[in-house]
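[1] I'd like to go over a predicted model; first the sequence, then the structure.
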Amino acid sequence: MVALFAARAGAWLRKGLCMDAGPIISATAVVKTYRTREVVVDALKHVDFEVMPGEMVAVMGPSGSGKTTLLNCMSGLDSIDSGDVSIAGQLLRTMSDDALSDYRATSMGFVFQAYNLLPVLSAQENVELPLMLAGTSSKEAQARAVEKLELVGLGDRTDHLPAELSGGQQQRVAIARALANDPAIVWGDELTGNLDSTNSAEIMELLTRLNKEQHQTFVIVTHSEEVGALADRIVRMNDGVIVDDGTRGDDSSASAGSSGTTAGAED
């Protein structure tokens, strides 16, 4: 079953990203609510969201607007209360937890603000690790790790530990790790948040190049207008709803949605 899902996701790429084939990511009327003893937070309120294959989309909005919740729910990292999410035509709710975990490992890549590198492993070993956990042979994992590190400009740093790399280089290792399985979709959550402006610009230049050359779909949550400007489309959120889906050609609704947040809501 997992092989079928992965094959369908990969088919978007082999078809040349035919835009009339439909979205690779689709959400309909998605609701996500967080509850504690003291408060109920409506993190996503009947959200509709689509991304076409090969598109780079930036999801923006104030803190607490629901950006990270949207990413987590679209990627299957978090469950939803109602509505539907599909990836490459497959409804996530029809998949078991094991199948969904395997699918994320084979067809999705994740890059976060924290690099999440193991300090005792070299750059190459950090990239190899998820491949090995997914059942890739040691020889193939080594070859693919070197290939991806070269792709992100770190072919001469393969044996360096994270502490021997700059912040920008560590994030490049994290990107190489996310790309190791040639995923159809790469999710990024504030992936330049820990970087200075120079390194941030270099990372985004790298991602936009990879997006064009590798034809992979990127969905990036960010507070940075500079990062958002490099995407094909900016989706703006506020108070758990999408106030501008980036297709209308103006930012009037975005400015209307920029004031206020939902107290305690997920980012």
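    Happy to help now that I have it.
[2] what secondary structure does residue 106 sit in?
    At residue 106 the chain is in helix, as set by DSSP: H, G, I helix; E, B strand; the rest coil.
[3] that one reaches residue 182, doesn't it?
    No. In this structure residue 106 lies outside contact range of residue 182 using C-beta atoms under 8 Å: 9.2 Å. Yep, even glycine has a C-beta here, placed from its N, CA and C like the rest.
[4] the two: who's more crowded?
    residue 106 (20 against 14; other C-beta atoms under 10 Å).
[5] tell me the buried residues in the helix or strand containing residue 45?
    Per DSSP states H and E: residue 45 is located in strand 40-51. Using 16 or more other C-beta atoms under 10 Å as the test for burial, strand 40-51 gives 41-45, 47, 49-51.
[6] and the nearest residue to residue 216 once chain neighbours are set aside, what's its pLDDT?
    Leaving aside its chain neighbours, residue 216 sits nearest to residue 186 (5.6 Å; criterion: C-beta to C-beta, 6 or more residues apart in numbering). Turning to residue 186, the model gives it a pLDDT of 95.
[7] any idea how far residue 186 lies from residue 144?
    16 Å (C-beta to C-beta, to the nearest Å).
[8] does residue 157 touch residue 169 like I think?
    Yes. Assessed by C-beta under 8 Å, residue 157 is found in contact with residue 169 at 6.4 Å.
[9] in the stretch 1-150 of the chain, which spans are strands?
    Per DSSP state E, counting those that start in this stretch, the stretch 1-150 of the chain carries strands over the ranges 25-35, 40-51, 56-60, 82-87, 90-91, 108-112.
[10] re earlier: tell me the mean pLDDT over the strand holding residue 45?
    Rounded mean pLDDT across strand 40-51 is 95.
[11] what about residue 186 and residue 144, which has more around it?
    A count of neighbours by other C-beta under 10 Å puts residue 186 above the other of residue 186 and residue 144, at 23 against 19.
[12] wait, residue 219 touches residue 184, no?
    No. Using C-beta under 8 Å, residue 219 is not in contact with residue 184; the gap is 11.6 Å.
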